[in-house]
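Engineer: Pasting the sequence and the predicted coordinates here, then a few questions.
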Amino acid sequence: MQRKVFRSGPYAELIAQAVQVGEIIYLSGQVGVDERGSAPDDIVAQTVLAYQNVKVVLAEFGATLDNVVEETVFVTDMAETMSQVQEIFDARASAYGQRPEVAQTLVGVSALVDPAFKIEIKCTAHV
Amino acid sequence: MQRKVFRSGPYAELIAQAVQVGEIIYLSGQVGVDERGSAPDDIVAQTVLAYQNVKVVLAEFGATLDNVVEETVFVTDMAETMSQVQEIFDARASAYGQRPEVAQTLVGVSALVDPAFKIEIKCTAHV
Amino acid sequence: MQRKVFRSGPYAELIAQAVQVGEIIYLSGQVGVDERGSAPDDIVAQTVLAYQNVKVVLAEFGATLDNVVEETVFVTDMAETMSQVQEIFDARASAYGQRPEVAQTLVGVSALVDPAFKIEIKCTAHV
């Protein structure tokens, strides 16, 4: 089946940031880095940036966060995450702009690709 | 694409327990808690409850465990999991009521949302 | 919806190695073991074998790595992974035989099913 592929960033030759087949868009995990690839120390700030990056990827497919149906959220420090869970979900609600109609699974992992990363968000969207 | 959403439990305003688009139902990770939100200490007992919770979510979409096509299972203690793997898979087989025709990926994570949780099951179903 | 199921290996009675529904093939996580179930110590060698095992599973559905649209890669030692990331991605590129048009999420986990396993690759394919 034909696919549409979006590549970007330092790993553009290795992985696609997202692949669309039919009505489904599979996104690679997005992390909380700014345009220069720099990650703030704060997990809430990383969450804001991660959703911005999800939006940027989706826009390449003519989609928005409204198209996201599920997220798997990987965090490196669950205790820190839960201590700021209200702020993290507020950031998420702001990104979605409404009450998200999205399934979510949140798990703690032992590491992300860069030690500076505290959160990575992997989404599936339908258009 | 139009979606059907099921919300429930203490996080109902934040996340959907499942989202259906077309023939696919994406479930949020289900944990081994009873109706009062309490988790038994035993991982086998949590497994039984987690599948019960998957069933409850699926029922909202007119679906059953027969509709599940894949599971990702996250456990916090792989050594404990493997020491009781027979009992865990027996509990799973009992939940499915037959030899499950389901793909599965089982990984150890550093934490789940609550320290009391030992297993979380994330499923995709097709109707 | 009707499904096609492929079972294989020591856990064939417990889990399917993959399930196809419609155009989507959901694969169970594949690890870097040879035909005898033995895992080499080297993560690059495990990566080679893991993709070989993905190929074997896909072949049962008349599919190839060209059909893979997304991967979630679980590794037990991110520092070791990143120290050999070039070799790991070279092995992946060799498996795909071209620049992969595949979304990828790479996370560190606390354990895989066997302590000898360093990498597990979970794929979704479309035919």
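Structural biologist: Yes, it's here.

Engineer: Could I get the contacting residues of residue A:20?
Structural biologist: By CB atoms under 8 Å, 6 or more residues apart in numbering or on different chains, residue A:20 lies in contact with A:3-5, A:26, A:61, A:127. All C-beta atoms are positioned from the backbone trio N, CA, C, and that covers glycine.

Engineer: Give me the distance between residue A:45 and chain B.
Structural biologist: Distance, residue A:45 to chain B, by CB to the nearest CB, to the nearest Å: 20 Å.

Engineer: who touches stretch A:55-63?
Structural biologist: A:4, A:6, A:8, A:17-18, A:20, A:25, A:27-28, A:30, A:64-65, A:67-68, A:95, A:125, A:127.

Engineer: Mind doing that once more with 10 Å?
Structural biologist: With CB atoms under 10 Å, 6 or more residues apart in numbering or on different chains as the test, stretch A:55-63 has contacts from A:4-8, A:16-20, A:25, A:27-28, A:30, A:35, A:64-68, A:95-96, A:123, A:125-127, C:103.

Engineer: about what we covered before: out of the contacts of residue A:20, which two sit at the greatest distance?
Structural biologist: A:5 and A:127 (15.0 Å; CB to CB).

Engineer: didn't residue A:97 look like it was pressed against residue A:64?
Structural biologist: Yes: contact criterion CB atoms under 10 Å: residue A:97 and residue A:64 qualify, at 9.0 Å.

Engineer: More neighbours: which of the two?
Structural biologist: residue A:64 (15 against 10; other CB atoms under 10 Å in any protein chain shown).

Engineer: Please tell me how far that one sits from residue B:105.
Structural biologist: 29 Å (CB to CB, to the nearest Å).

Engineer: re earlier: ok, of the contacts of stretch A:55-63, which come out buried?
Structural biologist: Among these, the ones that count as buried by 16 or more other CB atoms under 10 Å in any protein chain shown are A:5-6, A:16-20, A:25, A:27-28, A:30, A:65, A:67-68, A:95-96, A:123, A:125-127, C:103.

Engineer: and the residues you listed, which of them are in strands?
Structural biologist: Among those, DSSP state E puts A:5-6, A:18-20, A:25, A:27, A:30, A:68, A:123, A:125-126, C:103 in strands.

Engineer: Look up the residues forming beta bridges with the residue in chain A that chain B sits nearest to.
Structural biologist: Nearest residue of chain A to chain B: residue A:108, at 3.1 Å (CB to the nearest CB). Listed beta-bridge partners, residue A:108: residue A:75, residue B:111 (assigned using DSSP bridges).

Engineer: Measure how far the helix or strand harbouring residue A:52 is from the centre of its chain, please.
Structural biologist: Per DSSP states H and E, residue A:52 falls inside helix A:43-59. Counting by CA atoms, centre = their mean, to the nearest Å, helix A:43-59 is centred 6 Å from the centre of its parent chain.

Engineer: So for it, mean pLDDT?
Structural biologist: The average pLDDT for helix A:43-59 rounds to 98.

Engineer: so who does residue A:1 touch?
Structural biologist: Residue A:1 neighbours (CB under 10 Å, 6+ apart): A:21-22, C:23-24, C:67, C:69, C:125-127.

Engineer: Please tell me how far it sits from residue C:101.
Structural biologist: Noted for residue A:1: a distance of 12 Å to residue C:101, by CB to CB.

Engineer: Now do the shared contacts for those two.
Structural biologist: residue C:69.

Engineer: The closest residue to chain C within chain A: neighbouring residues, count only.
Structural biologist: Per CB to the nearest CB, residue A:111 is where chain A lies closest to chain C, at 3.1 Å. Residue A:111 is flanked by 22 other residues according to other CB under 10 Å.

Engineer: Tell me how far it lies from residue A:122.
Structural biologist: To residue A:122, residue A:111 is 15 Å away according to CB to CB.

Engineer: for residue A:28, same thing?
Structural biologist: Counting by CB to CB, the gap from residue A:28 to residue A:122 is 7 Å.

Engineer: which neighbours do the two share?
Structural biologist: Contacts common to residue A:28 and residue A:122, judged by CB under 10 Å, 6+ apart, are C:70, C:72, C:103-105.

Engineer: what subset of those residues is also close to chain B?
Structural biologist: residue C:72 (CB under 10 Å from any CB of the partner chain).

Engineer: quick one: which of the shared contacts of residue A:28 and residue A:122 has the most company?
Structural biologist: residue C:103 (27 neighbours).

Engineer: Now do the same contact list for that residue.
Structural biologist: A:5-6, A:15-20, A:25-29, A:57, A:122, A:124, C:68-72, C:124.

Engineer: ditto for residue A:71
Structural biologist: A:27, A:30, A:51, A:54, A:92, A:100, A:102-106, A:121-124, B:15, B:26, B:28.

Engineer: for residue A:49, same thing?
Structural biologist: Taking CB under 10 Å, 6+ apart as the test, what residue A:49 contacts is A:30-35, A:38-40, A:91, A:119.

Engineer: Residue A:5 now?
Structural biologist: Contacts of residue A:5 by CB under 10 Å, 6+ apart are A:16-21, A:60, C:69, C:99-103.

Engineer: in the sheet, who's paired with it?
Structural biologist: Using DSSP bridges, the beta-bridge partners of residue A:5 come out as residue A:19.
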